[in-house]
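Engineer: starting from these lines, generate the structure:
(one chain, ligands or ions: 1)
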Amino acid sequence: MSTSTDTWSVELEMKNKKRRGCCLGKTRKKTSKSEEDSDCLSISSRILQTFDPLSYKPKVWPRKLVFKEIQANLVQNGLEVKILKNIAGVCKPGQLTFIMGPSGVGKTTLLNILTGRSLEHIQSMGNVFVNGRYMDPSEMKKISAYVEKDDHFIEELTVRETIRFAARMRSVKLLKEKELDRIVDEMIFCMGLDACQNSRVGSKASGRGCLSRGERKKLAFACEILNDPPILFCDEPTSGLDFFMSAQVMKVLKQLANEGKTIVCTVHTPSTTVFDLADNLILLAQGEIVYNGPARSAVRFFQKCRYISSKFVNSPENLMNFISQAYDETDEEYDERVQVMINEFAAVSLKPEFSICSNRSSSRRIRDEGDDEEIVRKMNREWHQQVLYVALRDLKMMKRKKFEMMWKIVQTITISIIIGCMYHGTKIHKDHLLNFRGFAWGSVIMVDFLFMIPSAYIFHRDYPIIIREYNSNLYDPFAYFIAKSTIETVQYTIFPLVFGTITISMMSLPISFQAISNYFAITFLIALNAISSAHAIAAIFINPVVTITVLLALNLPFMSLSGFYISVDEIPSWLRPLSFVSWYRRGFEVITVSYFGDVGEIPGCHHHQNLTKWRTGKDFIDSQSFLPFLVPLDYGVIVLFIIFWKIVGILGFRWRVDRNS
Ligand SMILES: Nc1ncnc2c1ncn2[C@@H]1O[C@H](COP(=O)(O)OP(=O)(O)OP(=O)(O)O)[C@@H](O)[C@H]1O
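Structural biologist: Next up is the predicted model:
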């Protein structure tokens, strides 16, 4: 450690004084790099300790983390592979703990288990204790924050908006806009994100400009530490960062540890500067712990192992070389070497540290003083507030996705004009009956497929963000689903109106209130049903390819049974109930009955009375096996389907998010 604690405090106080002055003013003086660096740390501390706007909790309750008997097996394709074997360790408050080990040894898996994440294909077991009390995953999520290796943010939002959303959702009290601005300003300043605060987060994948890795990492910290969690886990916070940025990010973590937090992070071959910041070290090799203790004592420990030379220096490279398999070493030699380390460590292991942890069943009854205060990461916003703020954020995203919106409008207008041209001049006349039939059925199919397929992508892109934000207890999946699907639905439901207005205006159908209102109402409901079904299936499957496949498999049978391709009377009796509930048929019926219900003799028929069976509007309706009195039921069936899909969507989404959290 390059700076002593006393020096830190003095520096903190000095910088805080300086900061108080510039915080009140609108402009900030530019400082040198090193000055900015130390200022950042001190301000961070001031926000979190003194100012502490979000939790209104001036003190971090020290939390000692102990884990025992942690095991993880990878179960895939009928095979079971041990990843972690009986891991135990201790991470103390006020310390920065590094978990290190060769690539693929299970560092991230260990962190995921400690933070209570469930992972596909991974079976895990073991006990995690905080201050001697057994923690189940949900309790752990309430007192800890986890900054994962991959940062997932909403691309369309700026850095400022991203922090602002997190601050709004995390604050204990609902803050006024000005208070919120002040907190966001402080956090942006203390994380050194001033220069990019109004830049969109972006992503490399989207090809748009985006933040650098270091800035993204700092943004991730900013969002997670807003309400001062006593335990912070970080998976490879320095990965992909250069020497300077790695040291900067690690110093932020070190400062948080100095404030009394328990900081645990996995690190991949750190530089000596970064390694020097570590207080506590956990080393893993072949899925087992080979060292857990003070980082500075690691060298002494390894000198006991017979393979190490006395010239061994305490550099991270040497440590990593020592616990990794050498390129010229056989598996047996490496196994033997690791076994020596395990045995040595077993002889000096930290048994007294573990003895304070009660066993799982009895410890659940133990409550610490300050337990109520320690739960800092519960959902602070009421359910309706969660829906509102997620919806407002979505609205903002939607406005920024102008390009996507423009293409949707172009698509709808183009298709409407093509359909309008196809049926141009169609009227209620004997010669146009088949055209009308095609138009009525086509309208239902168009609004269904036009909006169902794009809606199926609803959660796909944002899914990792949802998981992260749910794991951080920002909102409930119910609230997210309601907000997101409502905004998407509002967006899509304007298109059936555009479609109907263009096509009908190009035709020569009678302009009656009953016909027009029924046409718009039913196409609106069909679109709503299509969107709701897409959201429900997307919520369950997430993978867009599977979602589209399932949606088509669900829709095509109902479409075939709509009575357009084959008369309902000729459908096998056991399939008729499906035809009855087919929303395509229900929509087809409403449009046909609306336009032909009041038509007496169909124009053009009186000259050819003997040539056509469709002489009147009623004949035409009867010929399709439609029943005019069923029109209210048609609406009822579609509304029931919409409700059904909404329920499936909400429950499916909750199940999916819980399964992956
Ligand atoms: N959900 C999963 N499905 C399949 N395999 C997994 C899963 N999670 C972990 N693994 C496997 O478990 C092993 C340990 O993975 P883990 O990511 O924990 O290692 P690591 O030490 O963090 O690696 P690195 O340092 O390279 O990030 C790897 O072989 C990995 O492929």
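
Engineer: domains of this structure?
Structural biologist: Domains of the chain are assigned by automatic domain parsing as 65-323+344-374, 383-405+426-659.

Engineer: out of these, the one nearest the ligand is which?
Structural biologist: Of all the domains of the chain, domain 65-323+344-374 sits nearest to the ligand, with 3.4 Å by Cβ to the nearest ligand atom. The way it works is simple: take the backbone N, C-alpha and C, and place the C-beta from them, glycine included.

Engineer: and stretch 346-357, what's its mean pLDDT?
Structural biologist: The predicted model gives stretch 346-357 an average pLDDT of 57.

Engineer: before we move on, the earlier item: please tabulate the domains of the chain in a markdown table, including the columns distance to the ligand and mean neighbour count.
Structural biologist: Below are the domains of the chain laid out as a markdown table (distance: least, Cβ to the nearest ligand atom, whole Å; neighbours: other Cβ atoms under 10 Å):
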| stretch | distance to the ligand | mean neighbour count |
| --- | --- | --- |
| domain 65-323+344-374 | 3 | 19 |
| domain 383-405+426-659 | 12 | 18 |
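
Engineer: which stretch in these is the model least sure about?
Structural biologist: Minimum mean pLDDT among the domains of the chain: domain 65-323+344-374, a mean of 81.

Engineer: next one: stretch 323-333 to chain centre, how far?
Structural biologist: How far stretch 323-333 lies from its chain's middle: 40 Å, per Cα atoms, centre = their mean, to the nearest Å.

Engineer: next, the distance between the ends of it.
Structural biologist: 12 Å (Cα to Cα, to the nearest Å).

Engineer: buried sites along it?
Structural biologist: Under the neighbour-count criterion of 16 or more other Cβ atoms under 10 Å, stretch 323-333 has 323-325 buried.

Engineer: go on, stretch 413-425?
Structural biologist: Using 16+ other Cβ under 10 Å as the test for burial, stretch 413-425 gives 415-416, 419-420, 423.

Engineer: pull the distance from it to the chain's centre.
Structural biologist: How far stretch 413-425 lies from its chain's middle: 40 Å, per Cα atoms, centre = their mean.

Engineer: need the CA coordinates for it. CSV is fine.
Structural biologist: Taking C-alpha atoms only, stretch 413-425 is exported to CSV below (Å, rounded to 0.1, in the frame of the first residue of the first chain):
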residue,chain,number,x,y,z
ILE,A,413,-46.9,2.8,-44.8
THR,A,414,-45.4,0.8,-47.6
ILE,A,415,-47.4,-2.4,-46.8
SER,A,416,-50.6,-0.3,-46.3
ILE,A,417,-50.1,1.3,-49.7
ILE,A,418,-49.4,-2.0,-51.4
ILE,A,419,-52.5,-3.6,-49.8
GLY,A,420,-54.5,-0.4,-50.7
CYS,A,421,-53.4,-0.7,-54.3
MET,A,422,-54.3,-4.4,-54.4
TYR,A,423,-57.8,-3.7,-53.2
HIS,A,424,-58.2,-0.3,-54.8
GLY,A,425,-61.8,0.5,-55.6
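
Engineer: look up phi and psi at Y146.
Structural biologist: phi -130, psi 120 (degrees, to the nearest 10).

Engineer: quick one: it and N471 touch, right?
Structural biologist: Yes. Applying Cβ atoms under 8 Å, one finds Y146 in contact with N471, separated by 6.6 Å.

Engineer: what sits in contact with each of these two?
Structural biologist: Residues touching both Y146 and N471 (Cβ atoms under 8 Å, 6 or more residues apart in numbering) are 115, 117.

Engineer: need the strands for the chain, in chain order.
Structural biologist: Counting by DSSP state E, one finds strands in the chain at the ranges 65-76, 79-91, 96-100, 122-130, 133-134, 144-147, 231-235, 262-266, 280-285, 288-294.

Engineer: can I get the ones you listed in JSON lines with distance to R213?
Structural biologist: Shown next, in JSON lines, are those (distance: least, Cβ to Cβ, whole Å):
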{"stretch": "strand 65-76", "distance to R213": "28"}
{"stretch": "strand 79-91", "distance to R213": "26"}
{"stretch": "strand 96-100", "distance to R213": "19"}
{"stretch": "strand 122-130", "distance to R213": "27"}
{"stretch": "strand 133-134", "distance to R213": "37"}
{"stretch": "strand 144-147", "distance to R213": "13"}
{"stretch": "strand 231-235", "distance to R213": "14"}
{"stretch": "strand 262-266", "distance to R213": "16"}
{"stretch": "strand 280-285", "distance to R213": "25"}
{"stretch": "strand 288-294", "distance to R213": "29"}
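
Engineer: and R168, which of those strands is closest to it?
Structural biologist: Closest to R168 of the strands of the chain, according to Cβ to Cβ: strand 144-147, at 16.9 Å.

Engineer: what strands line up against the closest one, and which way round?
Structural biologist: strand 231-235 (parallel) (DSSP bridges).

Engineer: what's next to the partner strand, contact-wise?
Structural biologist: Applying Cβ under 8 Å, 6+ apart, the contact partners of strand 231-235 are 63, 65, 107-108, 111, 114-115, 130, 143-149, 221, 224-225, 253, 256, 261-266.

Engineer: kindly report the same for stretch 391-398.
Structural biologist: Here stretch 391-398 has contacts from 154, 156-157, 161, 165, 405, 483-484, 486-488, 491, using Cβ under 8 Å, 6+ apart.

Engineer: one step back: pipe the domains of the chain into a markdown table and attach distance to D335 per row.
Structural biologist: Converted to a markdown table, the domains of the chain look like this (distance: least, Cβ to Cβ, whole Å):
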| stretch | distance to D335 |
| --- | --- |
| domain 65-323+344-374 | 7 |
| domain 383-405+426-659 | 36 |
